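K.L.:
structure, please.
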Amino acid sequence: MKRYNSFKEIDKDLKLLQLQKDIHQQKAKINIAKIRQSLSLQNLLAELIALLGQKYLYKKIGTKLLERFGLNKRK
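P.N.:
Numbers count the residues shown, from 1 in each chain. Predicted structure coming up:
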């Protein structure tokens, strides 16, 4: 436990703790705003479209490779 020799030292530490608290609160507000933005309907739809497009692309590439190497079972 820290020992203080004057009220001035106590006030200094209290001000420092208050500033640290304010910084943490501001960071939390920024993080909440970023989360809300990323969970917006527009962003969720964009992510879904990107995911579906990526899966479609991988399927097409896989199919082309199988056809090229004669491993595709389609006739």
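K.L.:
from A33, how far out is L14?
P.N.:
Computed with Cβ to Cβ, to the nearest Å, the distance linking L14 and A33 is 29 Å. Placement of C-beta: from N, CA and C, glycine included.
K.L.:
now do K2
P.N.:
Counting by Cβ to Cβ, the gap from K2 to A33 is 36 Å.
K.L.:
looking at the two, which one has more neighbours?
P.N.:
A33 (10 against 6; other Cβ atoms under 10 Å).
K.L.:
any idea which element that one lies in?
P.N.:
helix 7-38 (DSSP states H and E).
K.L.:
pLDDT of that helix, averaged?
P.N.:
Across helix 7-38, the average pLDDT comes to 96.
K.L.:
also stretch 53-71?
P.N.:
Stretch 53-71 comes out at a mean pLDDT of 89.
K.L.:
would you mind measuring from the residue most central in space within the chain to A28?
P.N.:
Geometric centre of the chain, nearest residue: I35, 7.4 Å, by Cα atoms, centre = their mean. Per Cβ to Cβ, I35 is found 10 Å from A28.
K.L.:
L45 now?
P.N.:
L45 sits 27 Å away from A28, going by Cβ to Cβ.
K.L.:
same question for K8.
P.N.:
31 Å.
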